[in-house]
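Undergrad: Structure, please.
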Amino acid sequence: MDEEVVRERDARAYEAVHEAADFTELKRRYKNFVVPWTITFMTWYLAYVACNNWARDFMNTQVFGHVNVALIFGLLQFVSTFFIAALYGRFANRRLDPLASGLNAKYKRERRR
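TA: Residues are numbered from 1 along each chain as shown. Next comes the predicted model:
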C-alpha cells in the first residue's frame, strides 16, 4: 500500500478520534484528577523543603528515640507518592480506561476505512 495513502488514512482516524465527544471527556476527566493532585503534592513537597530550610528546630524535634519530625515528613513523602499513584490507578481503571478503550476501537475502525 502506498505510504501516502496510509498516512492520510491514519490522519483521518486521528482526526475522527480527536473530534469525538468521548475524547474531550477523557481529557477533562484526566485534567480534573491530575491538576488538583499535582498541586496538592507539590504544595506538600515544598512545605517539607521549606520546613527543612527555615524551621529546623521544629524538624529536629525528637518524636521517639532517634526519630525526628524531618524523618517522619521525609517518609511521608514516599507514602503520599504511593497513595496518589494508587488513587490514580483506581481512577484510571474506573473512569479513564473505558473511554480510552472506546476511542481505541473507534480509531481502529476508522483506520480500516
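
Undergrad: okay, CA-based contacts and neighbour counts for the rest of this
TA: Will do.

Undergrad: now could you export just the CA positions of the helix or strand harbouring Asp57 as CSV?
TA: Element membership for Asp57, per DSSP states H and E: helix 56-59. Taking only C-alpha atoms (Å, rounded to 0.1, in the frame of the first residue of the first chain), the coordinates of helix 56-59 have been written out as CSV:
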residue,chain,number,x,y,z
ARG,A,56,15.0,23.5,61.6
ASP,A,57,14.1,23.5,65.3
PHE,A,58,10.7,22.1,64.5
MET,A,59,12.1,19.5,62.1
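
Undergrad: And the strands in this structure?
TA: With DSSP state E as the criterion, the chain has strands at 62-64, 67-68.

Undergrad: ok, back up a step: mean confidence score for the helix holding Asp57?
TA: Mean pLDDT, helix 56-59: 96.

Undergrad: Quick check: buried residues in it?
TA: Neighbour counts over helix 56-59 (16 or more other Cα atoms under 10 Å) mark Met59 as buried.

Undergrad: who's in contact with it?
TA: For helix 56-59, contacts defined as Cα atoms under 8 Å, 6 or more residues apart in numbering pick out 51-52, 68-70.
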